[in-house]
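S.K.: let me see the structure of the following:
(one chain, ligands or ions: 1)
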Amino acid sequence: MKYFIGNWKMFGVPKSINILDKVNSFHKKDKNRKKYRVIFTPPFTLIESYAKFFKNKKILIGSQNCFQKDRFSSNTAAISPYMIKKVGANYTLVGHSDNRSEGDTDAMLKNKVFFALKNNLKVVFCIGENKIDKRNKKTFSVLKKQLISILEKKLDKKKIIVAYEPVWSIGTGKIPTKIELQKTTIHIKKILKKIFGKKSPAVLYGGSVDGNNVKMFREIKEIDGFLIGGASKSAKKFIDIIKNYYR
Ligand code: PGA
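M.R.: Numbers count the residues shown, from 1 in each chain. All right, here's what the predicted structure looks like:
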């Protein structure tokens, strides 16, 4: 199964649902539809209405983050995995670099993953090296640390997806070379197999994915799908990614 996940970040109002509706109409008629899953992570404000609208349809809704506690607490403006699940989301991103740079620590990420899974949300756990790590040839060790500090065998690997997003690639138009990305994806899967045993969870790529460069990414068979930011705000651009992936 491949994944195409649209991460809207701080974008969207109620009527933006027409973007998802167009993607849904495309998906319904696409001959490849059984091969992949489409998930969108709109902002918290839209999760409930979008999840209701797509309840019996194929598009799944997730949140972009969750708070590191289970249900209710006295943390102003925080939204827990329980609250997210109760309004109809099925997934949540955890550890996106935007949130890491705003202060997500390993201890927080560990709790986010744990409580999200406990509340039956599938977790898209984001990792990625920054420009300096890359320049210092630290990519592999940084990724390993990000994985082994949070993921552990007792977690349900069927509910975990890893998204590899080099920080230097997010929103910049810069992407890794084919060889680089293949090696890195294999490295990530090797670590995941060490943690979880035989079969690795799905590993996605994220960072400036568009309808053009997806033609290169699709040649890397180790990649199980994509986390798409900028291009997910336009139905046409998002659909082009899927079309060109299967062309
Ligand atoms: P981008 O964002 O596709 O705009 O680079 C990806 C992400 O941040 O998930």
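
S.K.: and residue 102, how many neighbours does it have?
M.R.: For residue 102, the neighbour count with other Cβ atoms under 10 Å is 9. No exception for glycine: its C-beta is placed from N, CA and C like everyone else's.

S.K.: which pLDDT value belongs to it?
M.R.: Residue 102 carries a pLDDT value of 96.

S.K.: go on, residue 205?
M.R.: At residue 205, pLDDT is 98.

S.K.: now do residue 224
M.R.: For residue 224, pLDDT reads 98.

S.K.: for the nearest residue to it once chain neighbours are set aside, list each beta-bridge partner.
M.R.: Closest residue to residue 224 apart from its sequence neighbours, by Cβ to Cβ, 6 or more residues apart in numbering: residue 202 at 3.8 Å. When assigned by DSSP bridges, residue 202 has beta-bridge partners residue 161.

S.K.: in this structure residue 174 contacts residue 180, no?
M.R.: No: the pair residue 174 / residue 180 is not scored as a contact, 11.6 Å apart, by Cβ atoms under 8 Å.

S.K.: separation between the residue in the chain positioned nearest to the ligand and residue 163?
M.R.: Per Cβ to the nearest ligand atom, the residue of the chain with the smallest distance to the ligand is residue 229, at 2.2 Å. To residue 163, residue 229 is 11 Å away according to Cβ to Cβ, to the nearest Å.

S.K.: what is in contact with the two at once?
M.R.: Shared contacts of residue 229 and residue 163, defined by Cβ atoms under 8 Å, 6 or more residues apart in numbering, comprise residue 206.

S.K.: neighbour count: those two, which is higher?
M.R.: residue 163 (26 against 22).

S.K.: just the element for the more buried one, please.
M.R.: strand 160-164 (DSSP states H and E).
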